[in-house]
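Undergrad: compute the structure for the input listed below.
(one chain, ligands or ions: 1)
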Amino acid sequence: MGGCCSRRYFEEEDGTIKYRLIHGRRYHNLSDSMYFVANDDKEAFRLSRYHEAIKEIWGGAFNSPVEKKLRQGAHVVDIGCGTGIWILDMAQQYPNSKFVGIDISPIQPTEGLPPNVEFLQYNVLDGLPYEDSSFDLVHEKFMLVAFTGTQWEEKVIPEMIRLTRPGGWIEMLEADTGASDGTITRRIQKATKGMNLTIGKEIPRILENTNAFSEIRNQHKIVNLGIKYGKSLEESLKFYVRGLSSIKGFMTTSMNVMPEHYDALVETVSIEAEKYSTYFNQYRICAHKKI
Ligand SMILES: C[S@@+](CC[C@H](N)C(=O)[O-])C[C@H]1O[C@@H](n2cnc3c(N)ncnc32)[C@H](O)[C@@H]1O
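TA: Next comes the predicted model:
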């Protein structure tokens with residue numbers, strides 16, 4: 001069994017419990033979120049490390065045609081901002097614009113922030129504390145395991161639309177689990193069944209159905225994993241494998257294996273990725289809200 005004995009809870013002074021520690025990885029302890037990826041330093045390193053590779057793969061931090069507006073002064077929000085790396089990078093490039101990063105976990109820096117940056121700890125499912133049409137660009141990236149299909153369709157996407165001003169843009173970047181012929185990789189991928197890993201493919205249809213957009217741009221990239229494909233794709237492999245470690249708490253239970261056994265399986269995924277050319281799909285969708 002995935003050892004229950006290595007679970008620990010952190011009690012705050014006011015009696016609330018902020019984090020859970022499972023098999024050496026730290027997870028949030030919010031009752032209203034099903035997000036089960038770690039929120040510790042290792043996860044922060046994984047997320048921040050992949051930022052430059054994403055820019056290389058996609059030719060920039062964003063694809064929506066908002067460059068001019070960003071130079072003049074725009075309001076931008078990043079939902080599920082993680083460490084805030086995207087926000088901080090954008091804020092430095094566009095000092096006339098204002099940036100807000102929202103996340104359930106407080107893993108963003110708190111000191112030395114540029115004056116045009118603000119981070120807020122909030123659950124997007126509760127609705128965000130901003131008026132309708134507050135932002136010129138509403139961005140999100142890699143939140144695929146955070147929500148069910150219904151939550152995406154009925155809560156997250158409607159909230160993103162509400163926050164976007166008419167004529168503004170929504171931009172979303174999502175990925176799936178990938179595909180490989182490796183036995184261990186397949187075993188791990190099978191155990192992730194039940195997670196919503198195909199949302200990237202479904203987003204354009206969901207956006208289309210809202211009738212809120214005058215234009216929806218949908219780009220798809222096959223991201224091959226491994227050193228033989230070059231630096232950013234070697235980083236993609238590391239991001240993928242580190243991601244599997246970040247869901248260790250969930251996976252040891254789902255696969256019914258001991259934590260050490262799971263670590264060994266994850267190591268094998270790296271080897272199989274090089275051998276069988278594992279890849280995953282990434283989807284970047286930019287949608288222009290009707291005026
Ligand atoms: C895989 S990380 C991606 C972070 C960042 N977008 C990036 O690409 O580096 C997903 C983030 O979504 C946050 N998250 C999950 N559920 C959320 C929710 N309901 N509301 C706000 N943030 C959430 C997590 O805490 C995590 O930081």
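Undergrad: what residue ranges in the stretch 151-291 of the chain score low on pLDDT?
TA: 194 (pLDDT under 70).
Undergrad: which stretches in it count as strands?
TA: 164-175, 213-224, 279-289 (DSSP state E, counting those that start in this stretch).
Undergrad: can you add distance to the ligand and mean neighbour count and give those back as a markdown table?
TA: Using the backbone N, CA and C atoms, a C-beta is placed for each residue, glycine as well. Shown next, in a markdown table, are these (distance: least, C-beta to the nearest ligand atom, whole Å; neighbours: other C-beta atoms under 10 Å):
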| stretch | distance to the ligand | mean neighbour count |
| --- | --- | --- |
| strand 164-175 | 8 | 22 |
| strand 213-224 | 14 | 15 |
| strand 279-289 | 11 | 21 |
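Undergrad: figure out which of those strands is closest to residue 75.
TA: Nearest of these to residue 75, taken as C-beta to C-beta: strand 164-175 at 8.2 Å.
Undergrad: the closest one - contacts with which helices or strands?
TA: strand 135-141, helix 199-210, strand 279-289 (3 or more C-beta pairs under 8 Å, 6 or more residues apart in numbering; DSSP states H and E).
Undergrad: turn these into a markdown table, columns for distance to residue 236.
TA: A markdown table is the format used below for the helices and strands packed on strand 164-175 (distance: least, C-beta to C-beta, whole Å):
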| stretch | distance to residue 236 |
| --- | --- |
| strand 135-141 | 14 |
| helix 199-210 | 15 |
| strand 279-289 | 8 |
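Undergrad: which one of these lies closest to residue 252?
TA: strand 279-289 (22.4 Å).
Undergrad: how near is the spatially most central residue of the chain to residue 108?
TA: Against the mean C-alpha coordinate of the chain, by C-alpha atoms, centre = their mean, the closest residue is residue 142 at 2.4 Å. Taking C-beta to C-beta, to the nearest Å as the measure, residue 142 falls 15 Å from residue 108.
Undergrad: re the thing from before, just put the strands of the stretch 151-291 of the chain in JSON lines and tack on distance to residue 251.
TA: Formatted as JSON lines, the strands of the stretch 151-291 of the chain follow (distance: least, C-beta to C-beta, whole Å):
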{"stretch": "strand 164-175", "distance to residue 251": "18"}
{"stretch": "strand 213-224", "distance to residue 251": "22"}
{"stretch": "strand 279-289", "distance to residue 251": "17"}
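Undergrad: and of those, who's closest to residue 58?
TA: strand 279-289 (6.1 Å).
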